[in-house]
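[1] have a look at this fold, sequence not included:
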């Protein structure tokens, strides 16, 4: 083995076999030979007087080190080899390249000690003149440093300034792009991780001298180095430390004045990369100068690449300024910088006919894109200007430019996340923007229309209400009927037969959402006909049972929005017939009955009928009433054993026959709007029997929903029935029946029936009113039904939305509430005084309902009678009574402050007590609201109680309920501050 090893060495030294190093390394790894044997064989060559022989021997050692595994050498062996090779650096200069190559391999060894690392660096910095080496040998030096910096950074950091200045000497004047890529990587690591100290300027000079990079690679260059590689490497160095700011920023300003396009782009991109690292404090001095240069490039360069780089640099500059600590110097702040930009740019926004307007828009959008704060500041400054500018323009081109810029700002705001406490600033101008987009859609120029649609789409994504966007689409369809017929409705109807629709960037649009859109965009007879034709089909399609609530809601909205248009009534009335036929033909089937009897579905269908019924003329109203009554009474004369195919309102027809034995939800819910909303009752032969049947149902123990509907239906009939024998007989019959059942075993639904009949009479001022009101007064003295009777006064005097309204042609006497109050107040007061302790609260509750909504001119003359009773109401344990009383007091504080001021001495203690009323959070909140409302009284009235109230509210601030605590804070703050303005 020794003989063969000697031959390997001899062949390598003589230059006959360069592969000998690999063979030796293989034997060394296999431990067939030791380093001692190899050095002994190399001894004569290592000490040879011939320089070339010593160089070949050193090269053999270096090659062997590269071929063997990194972890093969022990720490001692590494130390010996490094010591020996470092000595070779002091030998003839021709020995330095192979010595450096060997050191590169040793520096990658895991057993390299920190002392050996220090020795390597010291010897290289001392003995090697890097600039005199060939390109490949210099590359070895830089690779050696890169290896140490990436694998042994902590040890390198210990060398501190010695390593920095040594590296600077090695890198100085390097020109080869292959070496520069590596040296830039090394420099970046050094700058970021080793304190530069006194050498910061030298380090900056050694890297910045290459800026801007001017390099054109050869197509035949095997290294594949690109100009972009050098630019990015150098840029990373310049952006590695804020210490370079004082040197780099003036350099960038200088390069921005260059005539070379590439130099400008490089300077702008470098500024964008460096801004964040340099920070606000270093940028303040140069921010105005940089903005002026950037503005010049955006306005005048005409080159898209330069403009893009300039806008990106401006965004980064503003972002960096935003990180600065706020000071008293407004100029050194984000707000001050953005204000400066706005002042220089806003005037261009007022001249949309010039191209500078678009450039200014892009410039300000780049500023807004930096941070949410800058976005908010810019949007709030420019959006009113843009909207106002649009409204003043008469030409298409300026309008096009304005809409284009506005869309850009909306797009910028989409880059940020917002919350309820920090809303998108665009939404502040939502109404103005929607109006602007509506006008743009009305323009003759298609490009403006397209921009308007895009803007509306962006508003929808940002959270604009769907109704605002559908309103615009509705207007577009009105001006383009073919669009509605050929595009919009076919697309929406197609979606109704699919599960959902994917909208890019948004959540999927489900079928209920499609129906909402249809209801929102439909306007005019033509569009209504297109929409209802399809929706009526859906009603008869059992596969859409799950969608029935949404379908019927859509119909209700269509009826509400279109009923006032006489041209639309035909399509809507056809829908009533469709619903009638649906009920008649399908309700026998259990699945259909279950769907049609759903509370929400019935409510929607009733609303659909009710809105249009109020606009029917007498002939249509009579036709619809006759249609429903004919169906409902067709089987009245039949025997119970006859075929009951027409008993259409139950899935179990043998157990139900309309208007013969019981009452059905579907029946009363659809019959009520037909009968109660028209101008007058028809003269149908079955009408008297209908009223009699309804009066009978009203006394039956029905479910709450159908019973309430029966009461409303009968009340509407009584309210509209002409004076005469028929009405008198009906009222007498109802009064007798109610008197009888209430005396024997009255229940809550009987009291409800009494309340609705009385309401119908009170509204029209009928002579029977006193009889029915006295019945309600008598019930107030009942311990069982008294509370229900008191609640009946709420029904009596509260407006309803679905029945007995002026829109539905109800017979309403002028000022009926005031008349009722004046006429019956004394009765309530005397009834309260004469009642026992267990029923007093019934009278008080009735009084509170009686006072709600009354004008102060009616209340004030009677307040001396009323106020003591209101105070007593606060002392009762009845929750409804307490809430209604405090609502009444709140109204009185606003409408009759002079009266409340006289009674405040007794009111404040009771309200303070109720702020800690544990059984009900609502009572505590209402009491706190009343206390806050008292602060609107004259200051001299409140001052004596200020300390008492402020002190008493302190415990309430710790209430277990958040809403109570919030209201307590508001009330206490009002009491603390009510006299602040006076002071």
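    It's in. Since we're looking at a predicted model, the values are computed, not measured.
[2] ok, now which ones touch the residue lying closest to residue 562 once chain neighbours are set aside?
    Using CB to CB, 6 or more residues apart in numbering and skipping residues adjacent in sequence, the residue nearest residue 562 is residue 568, 4.1 Å away. Backbone N, C-alpha and C define where each C-beta goes, glycine included. Residues near residue 568 by CB atoms under 8 Å, 6 or more residues apart in numbering: 524-525, 528, 562.
[3] got it, and residue 342?
    364, 377-378, 381-382.
[4] most surrounded residue in those?
    residue 364 (27 neighbours; other CB atoms under 10 Å).
[5] where's that residue relative to residue 405, distance?
    Computed as CB to CB, to the nearest Å, the residue 364 to residue 405 distance reads 8 Å.
[6] poorly predicted segments of the stretch 301-450 of the chain, please.
    325-332 (pLDDT under 70).
[7] could you pull out the helices for it?
    304-322, 334-349, 356-368, 372-392, 396-413, 430-441, 446-462 (DSSP state H, counting those that start in this stretch).
[8] quick one: contacts for residue 144?
    100, 103-104, 107, 120, 124 are the contacts of residue 144 under CB under 8 Å, 6+ apart.
[9] can you redo these as CSV with pLDDT?
    Output for the contacts of residue 144, formatted as CSV (pLDDT from 0 to 100):
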residue, pLDDT
100, 93
103, 93
104, 92
107, 92
120, 93
124, 93
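[10] out of those residues, list just those in helices.
    With DSSP state H as the criterion, helices contain 100, 103-104, 120, 124 from among those.
[11] which of these sits closest to residue 333?
    Proximity of the ones in helices among the contacts of residue 144 to residue 333 (CB to CB) peaks at residue 124, which lies at 49.0 Å.
[12] one step back: just the buried residues from the contacts of residue 568, in ChimeraX please.
    Typed into ChimeraX, the next command selects the buried ones out of the contacts of residue 568 (criterion: 16 or more other CB atoms under 10 Å):
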select :524,528,562
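[13] now pLDDT and secondary structure too, for the contacts of residue 568, in CSV please.
    Formatted as CSV, these follow (pLDDT from 0 to 100; DSSP: H, G, I helix; E, B strand; the rest coil):
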residue, pLDDT, secondary structure
524, 83, coil
525, 85, helix
528, 87, helix
562, 88, helix
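[14] and the contacts of residue 568, which is closest to residue 268?
    Nearest member of the contacts of residue 568 to residue 268, counting by CB to CB, is residue 524, at 54.9 Å.
[15] give me phi/psi at residue 223?
    phi -70, psi -20 (degrees, to the nearest 10).
[16] please report how far it lies from residue 7.
    From residue 223 to residue 7 the distance is 37 Å (CB to CB).
[17] for residue 418, same thing?
    Relative to residue 7, and taking CB to CB, residue 418 is found at 80 Å.
[18] try residue 440
    With CB to CB as the criterion, residue 440 and residue 7 are 91 Å apart.
[19] between the two, who's got more neighbours?
    residue 440 (26 against 13).
[20] leaving out the residues flanking it, which one is nearest to that one?
    Going by CB to CB, 6+ apart, residue 440 has residue 452 as its nearest residue, at 3.5 Å.
[21] so the one you found sits against residue 437, correct?
    Yes. Assessed by CB atoms under 8 Å, residue 452 is found in contact with residue 437 at 4.4 Å.
[22] longest helix in the chain, please.
    helix 261-283.
[23] would you tell me what the next helix or strand after that one is?
    helix 287-300 (DSSP states H and E).
[24] what mean pLDDT does that following helix have?
    For helix 287-300, the mean pLDDT works out to 91.
[25] neighbouring contacts of that helix?
    So helix 287-300 is in contact with 252-253, 256-257, 264, 268, 271, 283, 306-307, 310-311, 313-314, 317, 321, 337, 340-341, 344-345, 356, 359, 362-363, going by CB under 8 Å, 6+ apart.
[26] stretch 736-748 now?
    695, 699, 701, 750-751, 753-754, 757, 775, 779, 782, 784-785, 788.
[27] over to stretch 191-204 now: how far is its first residue from its last?
    Using CA to CA, to the nearest Å, one end of stretch 191-204 lies 9 Å from the other.
[28] show me the strands in the chain, by range?
    Under the criterion DSSP state E, the chain contains strands at 500-501, 509-510.
[29] any idea which helix or strand in the protein has the lowest mean pLDDT?
    strand 500-501 (a mean of 49; mean pLDDT, DSSP states H and E).
[30] about what we covered before: just the buried members of the contacts of stretch 736-748?
    695, 699, 750-751, 753-754, 757, 775, 779, 782, 785, 788.
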